[in-house]
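Colleague: Fold the stuff below for me.
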Amino acid sequence: MRPPQSGAVPGAGEERRPTPPEGWEAPRERWLSTVVSPAFGPRSVLLEVVVRLLIPSILVFSVFLLVSGHDRPGGGFAGGLVASMAFVLRYIAGGRHELAVGMPLKPNTLLAAGLLLSAVMAGLPLLGGAPLLDVFYRTFELPLFGKVKVASYLFFEAGVFLIVVGLVLSVVAALGARMEAEEEEARAGHRRRRRARSGGGER
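Modeller: Below you'll find the model as predicted:
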């Protein structure tokens, strides 16, 4: 056995595996809630960072559309669509497991709550002898804000908001689960064919 030459670095020809960051370089928390990779491809760190930065702004903007939709463009339908896009981005970044973690309630629960809230607010004026869907106002005194006028249509629009969010999440969850199941079946078939070819070559 030939001794190593002087000046040679041991293991210089070996491939060095990257080590995870330690100390101050190590991330303190994950960008998303789960570590499960989606079936349709590997997770992207850049996409996770962008999604985490965008989701709060998208949700705040959806609430703005909900509140200001009576006098300006927007409302419960537009606000619900914008809020749904935040959850769709989360699904794209992490798959259906990440979507399930990010949802406050199940889509069916959101749908039921939205329908109930809208129906109650639509029929509530009938108890006072007013026509259906009549709007009534109440004024409240709040600290730092002063007098705040709240209209009944805001709660009706909130119900529409929940209906839209629940409907979009139901569609995304159903289609996403089917797509991931087909992708898993394709991967399993590919693995079986590869094992069959390797087993036939050994014979």
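
Colleague: and the longest helix for the protein?
Modeller: Among the segments of the chain that qualify as a helix by DSSP state H, the longest is helix 153-202.

Colleague: who does it touch, helix- and strand-wise?
Modeller: When contacts are defined as 3 or more C-beta pairs under 8 Å, 6 or more residues apart in numbering; DSSP states H and E, helix 153-202 packs onto helix 45-68, helix 76-102, helix 107-123. For every residue, glycine as well, the C-beta is placed using N, CA and C.

Colleague: Where among those helices is average confidence lowest?
Modeller: Summarising mean pLDDT across the helices and strands packed on helix 153-202, the least confident stretch is helix 76-102, with a mean of 85.

Colleague: Report the buried residues of that one.
Modeller: Of all the residues in helix 76-102, those buried under the rule 16 or more other C-beta atoms under 10 Å are 76-80, 82-100, 102.

Colleague: Give me the angle between it and helix 153-202.
Modeller: Inter-element angle recorded for helix 76-102 and helix 153-202: 40 degrees (by axes from the mean of the first three to the mean of the last three C-alpha atoms, to 10 degrees).

Colleague: Can you pull the phi/psi pair for residue 134?
Modeller: For residue 134, the backbone dihedrals (degrees, to the nearest 10) come out as phi -70, psi 150.

Colleague: again, but for the one 10 residues further on
Modeller: Note on residue 144: backbone dihedrals following degrees, to the nearest 10 are phi 70, psi -30.

Colleague: what's around it, how many residues?
Modeller: Residue neighbour count, defined by other C-beta atoms under 10 Å, stands at 4 for residue 144.

Colleague: Same question for residue 196.
Modeller: A count of neighbours around residue 196, defined by other C-beta under 10 Å, yields 10.

Colleague: Roughly how far does it sit from residue 189?
Modeller: Distance of residue 196 to residue 189, given as C-beta to C-beta, to the nearest Å: 11 Å.

Colleague: got CSV for the helices and strands packed on helix 153-202, with distance to residue 130 too?
Modeller: Conversion of those to CSV gives the following (distance: least, C-beta to C-beta, whole Å):
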stretch, distance to residue 130
helix 45-68, 23
helix 76-102, 21
helix 107-123, 11
